[in-house]
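**Student:** Any chance you could fold what I've pasted below:
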Amino acid sequence: SDPTDERPLYLFEKDIFRKCPEMEAEYTLPPQFDEDLMSALGRDARPDYRWLIVGPKLSGSSFHVDPNCNFAWNATLQGRKKWVFYPPGVQPPGVDGGVSLPEWFAENYGEEHEGSEHRLEC
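**Tutor:** Below you'll find the model as predicted:
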């Protein structure tokens, strides 16, 4: 990855366990997620739900609501990931400007910016 790239690739692989079955043997579900309500849909109707996502520094997803209205857990294997949340009905400042994630953080992130009182992060 080019360290000057403002929009580095963020790769998603939805078939990781089919393509690499030995990885599934290493995968354990945290006990908090033992109850899998989506399994009631059956294999054919269930949306994709296990992903390997890889990205370099400054990569990431844009602001979004999960397209399946699902919830998930994530594990970071190396590096750090910053999550920024806004409640329903509160539009994050600057998300309609088509800026990259690094630009958004530089221009719209901080206590002095509009909406910061609604923001949650981890």
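**Student:** Could I have the CA atoms of the longest helix seen in the chain written out in PDB?
**Tutor:** Taking DSSP state H as the criterion, the chain has its longest helix at helix 101-108. Output in PDB follows, covering the C-alpha atoms of helix 101-108 (Å, rounded to 0.1, in the frame of the first residue of the first chain):
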ATOM      1  CA  LEU A 101     -11.700   8.900   5.800                       C
ATOM      2  CA  PRO A 102      -8.500  10.700   6.600                       C
ATOM      3  CA  GLU A 103     -10.000  13.900   5.300                       C
ATOM      4  CA  TRP A 104     -13.200  13.300   7.300                       C
ATOM      5  CA  PHE A 105     -11.200  12.900  10.500                       C
ATOM      6  CA  ALA A 106      -9.100  15.900   9.800                       C
ATOM      7  CA  GLU A 107     -12.000  18.200   8.900                       C
ATOM      8  CA  ASN A 108     -14.900  16.900  11.000                       C
END
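**Student:** next helix or strand past that helix?
**Tutor:** On the C-terminal side of helix 101-108, the nearest following helix or strand under DSSP states H and E is strand 120-121.
**Student:** Helix, strand or coil: sort out the residue nearest the centre of the chain for me.
**Tutor:** Centroid check for the chain by Cα atoms, centre = their mean gives Ser61 as the closest residue, at 5.8 Å. Classification of Ser61 using DSSP: H, G, I helix; E, B strand; the rest coil returns coil.
**Student:** And for the closest residue to it other than its chain neighbours, the neighbour number?
**Tutor:** Leaving aside its chain neighbours, Ser61 sits nearest to Tyr10 (6.5 Å; criterion: Cβ to Cβ, 6 or more residues apart in numbering). C-betas here are computed from N, CA, C, even on glycine. Counted with other Cβ atoms under 10 Å, residues neighbouring Tyr10 total 15.
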